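Visitor: Mind folding the following:
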Amino acid sequence: MKLFDWIAERRRGKPPPEGEAPPTLHIYASQPAVTTMLVTLIGVEEAHIDGIITATTAKFGSRHRIVYVTDSLDFMRFRHRNALFEYLPSILEQTLHAAEMPWDSYMARRWQLLLSKWKPLHIFSYGQNIDTFLAAAPRLATGGG
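Guide: Numbers count the residues shown, from 1 in each chain. As a prediction, the model looks like this:
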């Protein structure tokens, strides 16, 4: 009899058959949790991204889940390599749409969500440092008057 059926029958008040022991629950060894490493690729020239993916995968891919945080719109280079990635709009994109939203608060919140989602053990930066990138996000222009 299955464990859950056995428990349900006991809850309904049905006694176990004479001499029958309750089924045992087996817990199998789990694999250790995979740690995550964020690699920021902010302001990195497109020609260098493939080399960075190759190098970081070779060095850390066997021990860590690598997630690339990029401002590049060329998502296919990540997809073709089965690489995990997250997108942050570039400073140029933010500037072009500066009047539409408060980028400074959006980008700060987005970064915190990425940290909460991936819980990285390490963060490596190529190109612009993430703190500098976040600090450069434009504020929503308010019509002063």
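
Visitor: For the helix or strand containing Glu9, the averaged confidence score.
Guide: Assigned by DSSP states H and E, Glu9 belongs to helix 3-11. Confidence for helix 3-11, expressed as mean pLDDT, is 73.

Visitor: Kindly report the same for stretch 120-134.
Guide: The average pLDDT for stretch 120-134 rounds to 96.

Visitor: For the spatially most central residue of the chain, give its distance to Val44.
Guide: Taking Cα atoms, centre = their mean, the centroid of the chain lies closest to Trp118, which sits 3.6 Å from it. Counting by Cβ to Cβ, to the nearest Å, the separation of Trp118 from Val44 is 19 Å. All C-beta spots, glycine's among them, are computed from the backbone N, C-alpha and C.

Visitor: where does His97 sit relative to Tyr106, distance-wise?
Guide: Here His97 is placed at a distance of 11 Å from Tyr106 (Cβ to Cβ).

Visitor: Show me which of these two is the more surrounded one.
Guide: Shown here are His97 and Tyr106; by other Cβ atoms under 10 Å, Tyr106 has more neighbours (15 against 12).

Visitor: tell me the SS of that one?
Guide: helix (DSSP: H, G, I helix; E, B strand; the rest coil).

Visitor: Okay, it and Thr70: tell me how far apart.
Guide: Relative to Thr70, and taking Cβ to Cβ, Tyr106 is found at 17 Å.

Visitor: could you say which helix or strand contains the residue lying farthest from the centre of the chain?
Guide: Here the chain reaches farthest from its C-alpha mean at Glu18, the gap being 53.0 Å by Cα atoms, centre = their mean. According to DSSP H and E, Glu18 maps onto no helix or strand at all.

Visitor: cool, Asp50 as well?
Guide: Judged by DSSP H and E, Asp50 forms part of helix 46-60.

Visitor: same question, Leu121
Guide: For Leu121, the host element (DSSP H and E) is strand 120-127.
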